[in-house]
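> Turn this into a structure:
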Amino acid sequence: MITAACRRSGQKGTTRSDDIGWSLVGVRARLAGFLGVRPLVPDAAERRTVSRATQVEPALAGVPDDELASRLRDDPDEATALALVRELGRRTLGERAHDNQLLAVLGLLAGRIVQLDTGEGKTLAGALAAVLSSVRDRHVTVLAANDYLARRDAAWMRPLYDAAGVGVAWIDGASSADERRAAYAADVTYVPASELGFDTLRDRLVRDEAERVRGRRDVVIVDEADSVLVDQARLPLVLAGAVDDAEPDTTMAALVASMTPGTHYTVSADGYGVAFTPAGEELIERTFGVDLYSEDDGGRTLTRANLAVHAAALLIRDVDYLVRDDAVQLVDASKGRVARLQRWPDGLQAAVEAKEGLAPSQAGEVLDSVTAAELVEEFGLLCGMTGTAASAVEQFDRMYRRRVEVIAPDVPCVRVDEPLALYATRKDKLSAVVERIAAAHATGRPVLAGTPSVADSEELAALLAAADVPCVVLNAKNDEAEAAVIAEAGRRGAVTVSTQLAGRGIDIRLGGSNGSRQEVAELGGLLVVGTEPHESARLDDQLRGRAGRQGDPGGSVFFASLEDDVIARHGRIRATTDADGRIAAAGARQQAEHAQRVAEGVTMRIYANTQEYAVVPRRQRGHVLDRREELLALDEPERGVRLFFLDRAWADHLAHLAEVRDGTPLRSLSGKAPVVEFNAEAVSAFEPLLRRADDDADEFLAAHPDLTDAAELGLGRPSATWTYVIRDDPFGSPVERLLRGITQRVLGRPDD
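Residues are numbered from 1 along each chain as shown. Next comes the predicted model:
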């Protein structure tokens, strides 16, 4: 949890930016090296190219802008091209890219995931790479983490693009179809990853070629690459069509709410599973007059009960979701924001709404889905940039076959990263956190405290208020204020409490927007306080990286307790404490860090499992899309009829596969591999799909020889369609949770 890039408390001197120990970036990166995957560093040839670019630079000082742009398109020499685009950036943006930024540009153009620390100029490096790709006649899509960053970066870099003769545009959630079509037609398009996915889904279901909005797919540059390509990789983006609204299952929700934890149901020690006890099952059967395991009921009541108890016991208000504007709004755990386009699968979503006494949101059937991994596979060249790539080197290699390249900071980092402060209880930990923040605040040193959830941020704010320490809170309830809050977090005396900062795109400048940088620097710079370890060490690193930007002084200290979620689930630590409840043994700290690595392994297991189930449907989707392309060249109304029956068959197939996946884990009780059973059923079910769709269309056309408008006979699109992200279910399907409960009962312990 401590990076090797910066000094530990008590160590003297600074670490050279070209030191090989730094270049491997910390313990986790070196561990990945032992496993066979090592982050790269710029090689000698790349450094020579940048050195030549610097030598060419003085001769460009008097060259007119239009000539620079012309030479950029005509000169094939890589070093000269770097010098030209750097000069254009200096003239138009007032920012001269330093040599390490040019090394990052070369890494992007080579198809790598580049690590540049916070404040080192990723936005400019990405724009320079986009210009160099565009002038070589390749369309560039820049994937941003959110709407705000897509708009900001496109507008910020526009002077550079204009000077280079490169068209640039951006897309956000409010963009119309015509605006999207025009933006994708520009040379460079900035677009949030979710919007690119939704546009892809809508394009897949067009009834006419002219309705499509997306264009060429040559180069994709992914900003905040670990967030987009790793954290969000298992979250399917969904296009749904309206079906009849479901009634809320308030009866089951009320029954589960009346149950007593430990008596009627138990939550597994790892917090991932919940199972009814015999007393709980008996209560359900008595209330509804059913046998939960009878063939007559078909498991319907058990499924309803599992969804209700999942919603009640495992999904926590103000942690996993908020209730605002009479609706359940999910919280993106990796960003600390409201995930406005996310929802759980319909059954679980409705169960949470029933738990909160809310009207159910509109239900829909899945028409198609796509993941971030599938999106980027469409491009000829994939590259990306982030401040914490080295911590995900294995994931990038396994998931995308992309190598990570670590670029040293332009000015060596001098941030002081203290060892983990580990406590026995959460209460003792929070007392220590408040004491540390209060001590720093008393000197005027700015403090940024990171918390894992909305509830935690509000609890810490209340504790600070009780200690007479004023603070500003940034969480999912006021994330629209993030730019203003984060911009002032480096002001003298500022105390900012925030949920996860990944993807916020705002640098914290010492002194704030108009204060004295030097004054704050003399106080030690920004102090980052982590109040609880995240499930991924990368998220800790992203928080830590907010201090010490561009050679600024700064510090970080992370607190943890044996009761914290990650350690309680994945650690087995027993150690003695001092009078304040602190555990000083180095071995205990190492075990706490190990628990975090176990949590990361669980995440990788979930992703790998998701991918195993996605292989066959992905291939089948390809056959359906090929057939759609053929049909888009037939005449209306026959084209509309055949597309309707093909899309109908595919939606039915997806619904069937969802049911099959829920049911296959039961077969593991007899020793059969669930994914093998799923794939066999998926292949069998798909075999007649294309033929059946054509047969249905033939039958309909024969019955309606004078058809002029298929929509008039109910063959149009659904009455409403909408897009959202299915929030993945880390606890598994209801059946998987049932199996987990059976395992727990039989073995007397939670499954691993």
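
> So, low pLDDT: which residues of the stretch 51-200 of the chain?
For the stretch 51-200 of the chain, no stretch is flagged by pLDDT under 70.

> residue ranges for the helices of it, please.
For the stretch 51-200 of the chain, the helices defined by DSSP state H, counting those that start in this stretch cover 65-74, 78-93, 99-109, 122-134, 147-164, 177-185, 193-204.

> can I get those helices in CSV with distance to Arg691?
(C-beta placed from N, C-alpha, C; glycine too.) Below are the helices of the stretch 51-200 of the chain laid out as CSV (distance: least, CB to CB, whole Å):
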stretch, distance to Arg691
helix 65-74, 51
helix 78-93, 53
helix 99-109, 46
helix 122-134, 43
helix 147-164, 43
helix 177-185, 33
helix 193-204, 21
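
> any idea of the mean pLDDT for stretch 324-341?
Regarding stretch 324-341, the rounded mean pLDDT is 74.

> begin at 43 from here
Sure, I'll start numbering at 43, so the last one becomes stretch 366-383.

> Could you give the average pLDDT over the host helix or strand of Met427?
Assessed by DSSP states H and E, Met427 sits inside strand 423-428. Here strand 423-428 scores 96 as its mean pLDDT.

> Could you do stretch 585-604 as well?
93.

> so who does the nearest residue to Leu743 once chain neighbours are set aside touch?
In this structure, Leu743 finds its nearest non-sequential neighbour in Val683, 5.9 Å apart by CB to CB, 6 or more residues apart in numbering. Listed by CB atoms under 8 Å, 6 or more residues apart in numbering, the contact set of Val683 reads 739, 742-743, 749, 752, 757.

> if you set the cut-off to 10 Å instead, what comes out?
673, 676, 738-740, 742-743, 746, 749, 752, 755, 757 (CB atoms under 10 Å, 6 or more residues apart in numbering).

> Now which of these would you call buried?
Buried residues within the contacts of Val683, counting neighbours by 16 or more other CB atoms under 10 Å: 673, 738-739, 742-743, 749, 752, 757.

> Next, give me the two most distant ones among these.
Leu673 and Leu749 (15.9 Å; CB to CB).

> before we move on, the earlier item: could you tell me the angle between the strand holding Met427 and helix 164-176?
170 degrees (axes from the mean of the first three to the mean of the last three CA atoms, to 10 degrees).

> chain center to strand 423-428, what's the gap?
15 Å (CA atoms, centre = their mean, to the nearest Å).

> Just the mean pLDDT for whatever helix or strand comes next after it, thanks.
Moving toward the C-terminus from strand 423-428, the next helix or strand (DSSP H and E) is helix 435-442. Averaging pLDDT along helix 435-442 yields 89.

> Output helix 435-442 as CSV, restricted to C-alpha atoms.
Taking Å, rounded to 0.1, in the frame of the first residue of the first chain, the C-alpha atoms of helix 435-442 are listed here in CSV:
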residue,chain,number,x,y,z
VAL,A,435,-0.2,-4.4,-15.0
GLU,A,436,-1.4,-8.0,-14.8
GLN,A,437,-5.0,-7.1,-15.6
PHE,A,438,-4.1,-5.1,-18.7
ASP,A,439,-1.9,-8.0,-19.9
ARG,A,440,-4.5,-10.7,-19.2
MET,A,441,-7.6,-8.8,-20.3
TYR,A,442,-6.3,-6.8,-23.3
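
> returning to what we had before: mind listing which of the buried ones among the contacts of Val683 are in helices?
Using DSSP state H, 673, 738-739, 742-743 are the members of the buried ones among the contacts of Val683 that sit in helices.

> next one: the helix or strand hosting Glu477 to chain centre, how far?
Assigned by DSSP H and E, Glu477 belongs to helix 468-485. For helix 468-485, the separation from the chain centroid amounts to 31 Å (computed by CA atoms, centre = their mean).

> Skipping its backbone neighbours, what lies nearest the residue nearest the centre of the chain in space?
The chain has Gln274 as the residue nearest its centroid, 3.2 Å off, counting by CA atoms, centre = their mean. Take Gln274 and drop its neighbours on the chain: the residue closest to it by CB to CB, 6+ apart is Ala414, 5.4 Å away.

> mind listing what that neighbour touches?
Contacts for Ala414 were tallied using CB under 10 Å, 6+ apart; they are 185, 235-236, 238-239, 264, 269-279, 441.

> and with 7 Å instead?
For Ala414, the contact set (CB atoms under 7 Å, 6 or more residues apart in numbering) comprises 235, 270-271, 274-275.

> Show the pLDDT at it.
As summarised for this prediction, Ala414 has a pLDDT of 86.

> What are the buried residues along the host helix or strand of Ala722?
Using DSSP H and E, Ala722 maps to helix 716-728. Using 16+ other CB under 10 Å as the test for burial, helix 716-728 gives 716-717, 719-721, 723-724, 728.

> Dump that helix to PDB, restricted to CA.
Taking C-alpha atoms only, helix 716-728 is exported to PDB below (Å, rounded to 0.1, in the frame of the first residue of the first chain):
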ATOM      1  CA  PRO A 716     -21.700 -24.700 -14.700                       C
ATOM      2  CA  VAL A 717     -20.000 -22.800 -17.500                       C
ATOM      3  CA  VAL A 718     -19.800 -26.000 -19.600                       C
ATOM      4  CA  GLU A 719     -23.500 -26.700 -19.100                       C
ATOM      5  CA  PHE A 720     -24.300 -23.000 -19.900                       C
ATOM      6  CA  ASN A 721     -22.300 -23.100 -23.100                       C
ATOM      7  CA  ALA A 722     -23.800 -26.400 -24.200                       C
ATOM      8  CA  GLU A 723     -27.300 -25.000 -23.700                       C
ATOM      9  CA  ALA A 724     -26.400 -21.700 -25.400                       C
ATOM     10  CA  VAL A 725     -25.100 -23.500 -28.500                       C
ATOM     11  CA  SER A 726     -28.200 -25.700 -28.700                       C
ATOM     12  CA  ALA A 727     -30.600 -22.800 -28.200                       C
ATOM     13  CA  PHE A 728     -28.900 -20.600 -30.900                       C
END
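
> ok, the residue lying closest to Arg551 once chain neighbours are set aside - how many residues close by?
Of all residues beyond its chain neighbours, the one nearest Arg551 is Gly532 (5.2 Å), with distances taken as CB to CB, 6+ apart. By the criterion of other CB atoms under 10 Å, Gly532 has 28 neighbours.
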